[in-house]
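> missing the sequence, but the structure's below:
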């Protein structure tokens, strides 16, 4: 076989990933002795194995043939980087040096990329010094760009700019790399100034440049600037033609909550791949529009674009939030046919979450048990599923199993374990879990855990421990204060509730929606009508908190508890949704013996209309009639 033809066929095998054919050619070339005679054939063989993903085989060829050709080693280094094997790429660089070979500009470009990916600062700066010593930056713009990119990946934007300013020639890649660095730091203003300077230098931005700027707008929530950039993209005819730019635009509008705008922009795209579809789906999910996300999932497949792992995770998340049990089961079948639920931890975790949301804990456990590789996240979603479905003992058993299998619980694990302990109300167990989290060093920097601890101890009735945790937190917020107040309210310590509220205001911390629910509930259980009404008025007038149905329900409960049903009925009339079953249930609730038959019948009609007919409602009316001494009339009407 002619060596030129062999090189061409090897290249074709690499491009088409025809490994079996490539291996046949390898055997034939060895038999004919072409590998020793022709370095280009050996190089072609290395390149073929790299493109087919057999990097170990490519290395074996290089070492067996003692190839002293730097370009061949460069091909292998690039292969390692493409497969995210950056450490192996650096090892190849060391082999080149040990062989006494001289790395060229291409070698340095790839090694700088590996250093950037690994965050290998010492090695990267060592390469920078070598490149400068050899004067390679003067004639290799791409090498200078690789240096800028490395520093950008490290977040060392000052060093990146310093290298950039020394570049003898700055091209579109140089500018875009620097702009990307500022975008990653959220420095939109500086990134925009770089764009202006770049255009003043006669260099027109491309799709990659605009993608970086759109990313910066998304990070800082710059809606107007984002819209300006969109119009510029449209004016230059770039819209819809570049996948990454398309995806960045859709993601930006979704993050801004402008989901209809995201859909409009998406509809203009000429090219729509799975990444772009998934970005739109994710936007719908994050904006609470699960049905629309599933509709995208269906349309995408109708257009012949198969979902990838990320798409499946997004679709499962949509099913969890609606909830869409039938659709979730159908998507699970699709995943099962591809055996992805056991291979891919993210998909497996999403399935566990979905079935937990449906209350199907048996299916969630089965999926978890089938996972090939479990991580801490897998354990966390399973434990969370048990806790959220009221199976706290099961959650604690899974924690023990998790630790027995060698996994170390993290802050999320303990967040749900604290919640489980709080619901079980076992103080000693709560203390043990607190100590365990402390041993793992999780309490110093995890604010949410401190809140969870206060909640846990409060629900266990251990207010001294709750106060101790509270006092050790260096900076309080509204959620932490509310958690402590809730603990006092549960124990009926109304004075401590009021005192905590006053201290919270003294710290210049504004109360939230839940804070007032705690206050109103405390007033209701203590029969403090005047105080409760005072807080209700101050909620809007002093703290700009808009009342929700739970606030009205608490106030109705307060008035009903003290027999002031006229005020309770007025409160229902003042609520934004007077047909809400929560409010009418609060009116009747446990005060059936005090409600007049007339009010009872009125409330019954509303509850029957909006809450449906059920035995508890009829039992309630029978109690009201019995308390009024006219039980006989009740049997004829109810």
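Good, I have the coordinates. What you see is a predicted model; the values in this text were computed from it and never measured.

> what helices or strands is the helix or strand harbouring residue 108 leaning on?
Using DSSP states H and E, residue 108 falls within helix 105-118. Secondary-structure packing of helix 105-118 (3 or more Cβ pairs under 8 Å, 6 or more residues apart in numbering; DSSP states H and E): helix 70-82, helix 86-98, helix 121-133, helix 141-153. (Glycine included, C-beta is placed from N, CA and C.)

> now the angle between helix 121-133 and it, please.
Between the axes of helix 105-118 and helix 121-133, defined by axes from the mean of the first three to the mean of the last three Cα atoms, to 10 degrees, the angle is 160 degrees.

> grab the nearest non-local neighbour of residue 130.
Distances taken as Cβ to Cβ, 6 or more residues apart in numbering place residue 108 nearest to residue 130, at 7.5 Å, with adjacent residues excluded.

> so that neighbour makes contact with residue 136?
Yes. With contact defined as Cβ atoms under 8 Å, residue 108 counts as touching residue 136 (6.9 Å).

> does residue 140 touch residue 106 like I think?
No. Applying Cβ under 8 Å as the test, residue 140 and residue 106 come out as separate, 9.1 Å apart.

> which residues touch residue 196?
Going by Cβ atoms under 8 Å, 6 or more residues apart in numbering, residue 196 touches no other residue.

> tell me how far it lies from residue 213.
Note on residue 196: its distance to residue 213, by Cβ to Cβ, to the nearest Å, is 11 Å.

> ok, for residue 556, nearest residue in space, not its chain neighbours?
Nearest non-adjacent residue to residue 556 (Cβ to Cβ, 6+ apart): residue 586, at 4.2 Å.

> neighbours of the one you found, how many?
28 (other Cβ atoms under 10 Å).

> any idea which element it lies in?
Element membership for residue 586 (DSSP H and E) is helix 581-588.

> list the buried ones in that helix?
By 16 or more other Cβ atoms under 10 Å, the buried positions in helix 581-588 come out as 583-588.

> make a markdown table out of these and add distance to residue 249 and pLDDT.
Below are these laid out as a markdown table (distance: Cβ to Cβ, whole Å; pLDDT from 0 to 100):
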| residue | distance to residue 249 | pLDDT |
| --- | --- | --- |
| 583 | 44 | 78 |
| 584 | 48 | 70 |
| 585 | 47 | 73 |
| 586 | 47 | 72 |
| 587 | 51 | 70 |
| 588 | 53 | 68 |
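
> helices of the stretch 251-400 of the chain, residue ranges please.
For the stretch 251-400 of the chain, the helices defined by DSSP state H, counting those that start in this stretch cover 259-267, 274-286, 290-302, 309-321, 325-337, 340-343, 345-357, 361-370, 376-388, 392-404.

> select, out of those helices, the one closest to residue 64.
Minimum separation from residue 64 across the helices of the stretch 251-400 of the chain (Cβ to Cβ) falls at helix 340-343, 33.9 Å.

> pLDDT of the closest one, averaged?
Helix 340-343 carries an average pLDDT of 74.

> kindly report the same for stretch 317-329.
94.

> can you point out the buried residues in that stretch?
317-322, 324, 327-328.

> and stretch 117-133, by the same measure?
Neighbour counts over stretch 117-133 (16+ other Cβ under 10 Å) mark 117-118, 120, 123-124, 127-128, 131 as buried.

> now stretch 565-581
Residues of stretch 565-581 classed as buried: 565, 567-569, 571-572, 575, 580 (neighbour count, 16+ other Cβ under 10 Å).

> and for stretch 398-416?
Buried residues in stretch 398-416 (16+ other Cβ under 10 Å): 398-399, 402, 407, 409-416.

> so which of the residues you listed belong to helices?
Using DSSP state H, the subset of the buried residues of stretch 398-416 located in helices is 398-399, 402, 411-416.

> those residues into a markdown table, with extra columns for pLDDT?
Listed next are these as a markdown table, based on pLDDT from 0 to 100:
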| residue | pLDDT |
| --- | --- |
| 398 | 96 |
| 399 | 96 |
| 402 | 96 |
| 411 | 94 |
| 412 | 95 |
| 413 | 96 |
| 414 | 96 |
| 415 | 95 |
| 416 | 96 |
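
> distance check, residue 88 against residue 217.
Using Cβ to Cβ, residue 88 is found at 37 Å from residue 217.

> these two: who's more crowded?
The residue with more neighbours, out of residue 88 and residue 217, is residue 217; 27 against 18, by other Cβ under 10 Å.

> leaving out chain neighbours, which residue sits closest to the more buried one?
residue 226 (3.7 Å).

> burial count for residue 361?
19.

> what does residue 356 give?
26.

> how near is it to residue 299?
Noted for residue 356: a distance of 28 Å to residue 299, by Cβ to Cβ.

> so what's the residue count around residue 388?
Neighbourhood size, residue 388 [other Cβ under 10 Å]: 17.

> any idea how far the spatially most central residue of the chain is from residue 257?
Centrality entry for the chain: nearest residue to the mean C-alpha point is residue 286, 9.8 Å, by Cα atoms, centre = their mean. According to Cβ to Cβ, residue 286 stands 9 Å off from residue 257.

> circling back: need the nearest residue in space to the residue nearest to the centre of the chain, chain neighbours excluded.
residue 254 (6.6 Å).

> then residue 317?
Spatial nearest neighbour of residue 317, chain neighbours left out: residue 285 (5.3 Å); criterion: Cβ to Cβ, 6+ apart.

> mind picking the two most distant members of the ones in helices among the buried residues of stretch 398-416?
398 and 411 (16.7 Å).

> just the helices and strands packed on helix 105-118: most buried one?
Comparing the helices and strands packed on helix 105-118 by mean neighbour count (mean count of other Cβ atoms under 10 Å), helix 141-153 comes out on top with a mean of 23.

> got the angle for the helix or strand following that one vs helix 141-153?
Next in sequence after helix 141-153, counting helices and strands by DSSP H and E, comes helix 157-166. Computed by the same axes, to 10 degrees, the angle separating helix 157-166 from helix 141-153 equals 160 degrees.

> helix 157-166: which residues count as buried?
157, 159-161, 163-164.

> closest to residue 548 among the residues you listed?
For these, the residue nearest residue 548 by Cβ to Cβ is residue 157; the value is 44.3 Å.

> quick revisit: wait, the residue nearest to residue 317 touches residue 311, no?
No. The pair residue 285 / residue 311 is not scored as a contact, 11.3 Å apart, by Cβ under 8 Å.

> compare the two (neighbour count), which wins?
Counted by other Cβ under 10 Å, residue 285 and residue 311 do not tie: residue 285 has more neighbours, with 25 against 22.

> and the more buried one, what pLDDT?
So residue 285 comes in at 97 (pLDDT).

> residue numbering should commence at 42 henceforth.
With the count now opening at 42, the last piece we talked about shows up as residue 326.

> follow-up on the earlier one: generate a markdown table for the buried residues of helix 198-207, with pLDDT as supplementary columns.
Shown next, in a markdown table, are the buried residues of helix 198-207 (pLDDT from 0 to 100):
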| residue | pLDDT |
| --- | --- |
| 198 | 96 |
| 200 | 96 |
| 201 | 96 |
| 202 | 96 |
| 204 | 95 |
| 205 | 96 |
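
> for those, which one is nearest residue 404?
residue 198 (48.0 Å).

> could you measure from that closest one over to residue 190?
On the measure of Cβ to Cβ, residue 198 and residue 190 end up 12 Å apart.

> ok, now residue 456?
38 Å.

> rewinding a little: OK, contacts around the residue nearest to residue 327?
Residues near residue 295 by Cβ under 8 Å, 6+ apart: 303, 320-321, 323-325, 327-328.

> try 7 Å
Residue 295 is in contact with 303, 320, 323-324, 327-328, counting by Cβ atoms under 7 Å, 6 or more residues apart in numbering.

> also residue 54?
Applying Cβ under 7 Å, 6+ apart, the residues near residue 54 are 62-63, 66, 89.

> and if you look at residue 121?
If you count contacts by Cβ under 7 Å, 6+ apart, residue 121 has them with 96, 127, 129-130, 133.

> and for the helix holding residue 149, what's in contact with it?
111, 115, 118-119, 122, 127-128, 130-131, 134, 137, 164-165, 168, 172, 177, 181, 183-184, 187-188, 190-191, 194-195.
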